[in-house]
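*Asks:* Just need the structure, nothing else, for what follows:
(one chain, ligands or ions: 1)
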Amino acid sequence: MGYLSCRSRSSTSTVDPLIPKSKPTHRTAIRTFLYEDLESATHGFSKDSLLGRGSHGCVYKAVLDNGKLIAAVKKPSSNGPRDSTWSSTSYGPDDNEIEILSSIRCSRLVNLLGYTSGAAANQQQQQRLLVVEYMANGTLHDNLHSSVDSGGNSSDPPGWIDRVRWAHQIARAVDSLHSMDPPVIHRDIKSSNVLIDRRRNARLGDFGLAVRLTADPFRCTARPAGTLGYIDPAYVTPEDLSVKSDVFSFGILLLEMMSGRKAIDVGYSPPSAVDWAAPIIGRRGFGELCDPRIGPPGDLGVAEMVAELAGRCVEGKAERRPSMAEAVECLSKVRRRASPSPGKNVWGGIVAAAKRRGRVSDVPVEGPKCNS
Ligand SMILES: Nc1ncnc2c1ncn2[C@@H]1O[C@H](COP(=O)(O)OP(=O)(O)OP(=O)(O)O)[C@@H](O)[C@H]1O
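*Replies:* Here you go, the predicted structure:
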């Protein structure tokens with residue numbers, strides 16, 4: 001694989017200017033919650049408050065501050081990790097996750113609001129709970145693969161405009177992490193770690209495996225970790241870790257978003273998304289890669305650009321993969337091509353008129369910038 005249409009000469013031009021590359025990261029006010037307050041805000045971690053289960057524990061909806069704050073509370077399981085997350089770290093939110101999340105605040109991430117100190121009122125040690133922003137529209141995984149929405153109503157699969165917009169937003173989120181000094185590597189990019197907020201924007205969450213990439217080899221001791229189907233095959237020892245491991249996982253996510261098939265899907269032959277897609281991209285059969293539920297986009301060039309980018313992201317050799325900044329640049333071109341152009345269509349006209357009246361602060365064509 002290796003096509004040219006999205007290759008960029010300038011790999012830094014799309015780095016969010018609000019993310020300083022070389023300045024220390026800005027810390028945000030993070031609250032300390034009492035375990036008892038979160039217990040009562042989730043009705044005793046009740047089934048009704050349960051938002052979902054992951055390999056490390058459960059996530060609950062919490063209503064706090066007399067109903068003014070709705071948050072998601074992550075409660076580690078007492079039995080340790082289960083299923084497909086391959087992790088060498090201990091389960092549950094640890095100091096590393098809190099430290100990384102506390103140092104970043106970005107509108108493309110599921111941000112940390114606070115955590116419990118780990119001690120209950122009776123001073124017995126409790127599990128540490130993490131409190132993060134609540135995402136009203138579930139995970140990208142559910143949006144892509146489930147025929148019912150988070151309210152239990154039947155739902156249509158997302159169309160091309162949403163998929164391209166989400167891909168661009170996720171790319172910007174990952175690029176923001178890679179642009180930090182030192183870069184943060186997420187290590188677990190996958191559709192169940194992308195959440196859709198109430199404005200239907202995509203946010204990257206779950207920093208349980210995230211690490212800072214330092215030049216000091218003695219500090220880069222985290223053993224390889226990630227999720228089967230998304231993990232970079234070139235990441236075998238701690239020294240192999242680079243930002244390009246996230247690029248690989250992002251490429252798998254692009255294939256998943258484009259095709260509607262899962263990263264590992266036994267309904268397809270071969271079950272691995274890369275093994276399935278590589279020969280199709282090689283013979284330029286872009287239409288075949290498109291989710292059969294929505295068919296190819298009106299402009300097949302959109303599918304071609306996304307497929308070519310995905311193909312480059314999942315290259316076996318890490319150095320042949322694009323940077324996330326290049327992926328952002330490519331996806332902003334795809335997004336412009338996929339979206340009806342402003343000024344020439346009714347939506348563009350409505351948005352332009354609302355902007356003139358000062359009513360639109362969040363124009364859907366370009367998502368909000370990160371503010372760290
Ligand atoms: N901030 C949030 N707002 C709303 N729902 C959430 C939020 N975070 C997680 N969830 C829900 O809880 C579920 C479990 O999330 P969690 O991050 O623990 O696991 P996961 O990412 O799905 O899987 P794994 O632990 O294997 O990575 C998600 O699938 C989602 O449905």
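
*Asks:* Please, where are all the helices along the protein?
*Replies:* For the chain, the helices defined by DSSP state H cover 35-41, 95-102, 140-145, 160-178, 243-259, 273-282, 300-313, 324-338, 346-356.

*Asks:* Those into a markdown table, with extra columns for distance to the ligand and mean pLDDT?
*Replies:* C-beta: built from backbone N, CA, C; applies to glycine. Formatted as a markdown table, those follow (distance: least, CB to the nearest ligand atom, whole Å; pLDDT from 0 to 100):
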| stretch | distance to the ligand | mean pLDDT |
| --- | --- | --- |
| helix 35-41 | 14 | 96 |
| helix 95-102 | 11 | 86 |
| helix 140-145 | 7 | 96 |
| helix 160-178 | 14 | 98 |
| helix 243-259 | 12 | 98 |
| helix 273-282 | 17 | 96 |
| helix 300-313 | 20 | 97 |
| helix 324-338 | 20 | 97 |
| helix 346-356 | 28 | 40 |
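
*Asks:* would you list those helices in a markdown table and tack on mean neighbour count and distance to Pro292?
*Replies:* Formatted as a markdown table, those follow (neighbours: other CB atoms under 10 Å; distance: least, CB to CB, whole Å):
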| stretch | mean neighbour count | distance to Pro292 |
| --- | --- | --- |
| helix 35-41 | 18 | 43 |
| helix 95-102 | 17 | 38 |
| helix 140-145 | 21 | 13 |
| helix 160-178 | 24 | 14 |
| helix 243-259 | 25 | 9 |
| helix 273-282 | 18 | 13 |
| helix 300-313 | 23 | 13 |
| helix 324-338 | 22 | 19 |
| helix 346-356 | 13 | 27 |
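
*Asks:* want to throw these into a markdown table with distance to Ala71?
*Replies:* Below are these laid out as a markdown table (distance: least, CB to CB, whole Å):
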| stretch | distance to Ala71 |
| --- | --- |
| helix 35-41 | 8 |
| helix 95-102 | 14 |
| helix 140-145 | 20 |
| helix 160-178 | 20 |
| helix 243-259 | 26 |
| helix 273-282 | 33 |
| helix 300-313 | 33 |
| helix 324-338 | 28 |
| helix 346-356 | 30 |
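
*Asks:* Asn66: which of these is closest?
*Replies:* For these, the distance to Asn66 is smallest for helix 35-41, at 10.5 Å, taking CB to CB.

*Asks:* quick one: stretch 37-53 to chain centroid distance?
*Replies:* 24 Å (CA atoms, centre = their mean, to the nearest Å).

*Asks:* can you tell me which of the helices of the chain comes nearest to Lys74?
*Replies:* Shortest separation from Lys74 across the helices of the chain is recorded for helix 95-102, at 9.4 Å, computed as CB to CB.

*Asks:* Now do the closest one: everything it contacts.
*Replies:* With contacts defined as CB atoms under 8 Å, 6 or more residues apart in numbering, helix 95-102 is touched by 27-28, 30, 89, 111-112, 115, 130, 132, 184, 207-208, 210-212.

*Asks:* Using PDB, list the CA coordinates for stretch 147-161.
*Replies:* The C-alpha coordinates for stretch 147-161 follow below in PDB (Å, rounded to 0.1, in the frame of the first residue of the first chain):
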ATOM      1  CA  SER A 147     -29.200  -1.200  15.500                       C
ATOM      2  CA  VAL A 148     -30.600   0.400  18.700                       C
ATOM      3  CA  ASP A 149     -29.600   3.700  20.200                       C
ATOM      4  CA  SER A 150     -28.700   4.400  23.900                       C
ATOM      5  CA  GLY A 151     -32.400   4.900  24.600                       C
ATOM      6  CA  GLY A 152     -33.300   1.500  23.200                       C
ATOM      7  CA  ASN A 153     -34.900   2.900  20.100                       C
ATOM      8  CA  SER A 154     -34.100   1.500  16.700                       C
ATOM      9  CA  SER A 155     -31.500   3.600  14.900                       C
ATOM     10  CA  ASP A 156     -30.100   3.900  11.300                       C
ATOM     11  CA  PRO A 157     -26.400   3.400  10.800                       C
ATOM     12  CA  PRO A 158     -24.500   6.700  10.700                       C
ATOM     13  CA  GLY A 159     -24.000   8.200   7.200                       C
ATOM     14  CA  TRP A 160     -20.800   9.300   5.500                       C
ATOM     15  CA  ILE A 161     -20.900  12.900   6.700                       C
END
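
*Asks:* And the contacts of it?
*Replies:* With CB under 8 Å, 6+ apart as the test, stretch 147-161 has contacts from 136-138, 142-144, 146, 166, 260, 291, 293-294, 297, 302, 338-339.
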